[in-house]
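Engineer: below is the structure, and that's it, no one-letter string:
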C-alpha cells in the first residue's frame, strides 16, 4: 500500500522541518507502510519527502525510499506498482540513451526502474510508457521542480494543498 508525504517551502525550510514535521507526517501513515520508512530533505531547496513502505516487489533495503536516481538528479517517493517495469528495464538496458550503458541495478524495485527511466527519457515520457497504478512525488534537483503524478485512472490517491 505505501504512503508518501512531503513539504515544499519556496523560501527554504526551517532547521527542524525536515526532521520533525515531515517525519511526523510520515508517522501518521505507518498503517500504509509498516515495513520501512525514510525521509529525504534538501534544506537549501526547501523540500522534504518522506515515505512509508509496504514491501512487495523488492523486499531488500535496495527498495528503501525516498530513492535517488543513479545520476542523483531525481529523488522520488512512490506508491503503487508498475506492472510493465521489467519490460521498461529491458528497454533501458538495450536503449541508445547515454544512460543505458551506465545502468547498474541496485535492486528489483519498480521505483528504481522509474528513476532510470527519468534519467533516460525524462519524467513525462517515462510515465507515458508505464502501465500500472501509482502516485508519486519526484524532485528534479537540477531544475528544482517538484512533479506530482498518478496513474491515468487515479487508482492511487494523491492529495496536495497550499498553505
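Structural biologist: Everything's here; your move. Given the structure is predicted, the values throughout are model-derived calculations rather than measurements. Residues are numbered from 1 along each chain as shown.
Engineer: give me the contact list for the longest helix anywhere in the chain.
Structural biologist: Longest helix in the chain, counting residues (DSSP state H): helix 110-121. Under the criterion CB atoms under 8 Å, 6 or more residues apart in numbering, residues 57-58, 62-63, 65, 67-71, 73-74, 76, 78, 81-82, 85-86, 88-89, 92, 95, 97, 99-100, 103, 105-106, 125-126, 129-130, 132, 136, 138 lie in contact with helix 110-121. C-betas here are computed from N, CA, C, even on glycine.
Engineer: the bottom helix or strand of the chain by mean pLDDT?
Structural biologist: When each helix and strand of the chain is scored by mean pLDDT, DSSP states H and E, helix 22-27 comes last, with a mean of 71.
Engineer: list the buried residues of the very next helix or strand once past that one.
Structural biologist: As assigned by DSSP states H and E, the chain's next helix or strand after helix 22-27 is strand 36-42. For strand 36-42, the neighbour count (16 or more other CB atoms under 10 Å) marks 36, 37, 38, 39, 40, 41, 42 as buried.
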